[in-house]
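A.B. asks: here is my input, please return the structure:
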Amino acid sequence: MSNDFLWVEKYRPKTIDDTILPARLKDTFNAIVTTGDLPNMLFSGTAGLGKTTVARALCNSLGLDHIVVNGSEEGNIETLRGKIKQFA
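C.D. replies: Numbers count the residues shown, from 1 in each chain. From the prediction side, this is the model:
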């Protein structure tokens, strides 16, 4: 299935500048993109806040590959053995 099939995927922001964030957060994320040094990050919060969008935008801006693992659906050892190990 193509990502363009879903409206939310088609119009998901591709860069940090396209996101709707407070200025201080945009500045922080843009500084990461500018330096090219991506630290370990943990995004938390309720659904719909933009955690995945920001993570994908950072990876797109830095030219990095990424994998999405939904911890509430895939938080088991089989995910580690299969999906994550294959990606790594």
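
A.B. asks: ranges for the helices of the protein?
C.D. replies: Assigned by DSSP state H, the chain shows helices spanning 7-10, 23-35, 51-62, 71-74, 77-79, 85-87.

A.B. asks: and those as JSON lines, adding distance to G45?
C.D. replies: All C-beta atoms are positioned from the backbone trio N, CA, C, and that covers glycine. Shown next, in JSON lines, are those (distance: least, Cβ to Cβ, whole Å):
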{"stretch": "helix 7-10", "distance to G45": "17"}
{"stretch": "helix 23-35", "distance to G45": "12"}
{"stretch": "helix 51-62", "distance to G45": "6"}
{"stretch": "helix 71-74", "distance to G45": "13"}
{"stretch": "helix 77-79", "distance to G45": "22"}
{"stretch": "helix 85-87", "distance to G45": "24"}
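
A.B. asks: quick one, which of those is packed in tightest?
C.D. replies: Each of the helices of the chain was given a mean neighbour count from mean count of other Cβ atoms under 10 Å, and the largest, a mean of 17, is that of helix 51-62.

A.B. asks: can you tell me what sits against that one?
C.D. replies: 12-16, 18-19, 21, 29, 32-33, 36, 38, 41, 43-45, 64-66, 68 (Cβ atoms under 8 Å, 6 or more residues apart in numbering).

A.B. asks: from those, keep the buried residues only.
C.D. replies: Listed as buried from those are 12-13, 16, 19, 21, 29, 32-33; burial here means 16 or more other Cβ atoms under 10 Å.

A.B. asks: lowest-confidence stretch among the helices of the chain?
C.D. replies: The weakest mean pLDDT among the helices of the chain belongs to helix 71-74, with a mean of 74.

A.B. asks: run through who's touching it.
C.D. replies: For helix 71-74, the external contacting residues (Cβ under 8 Å, 6+ apart) are K83.
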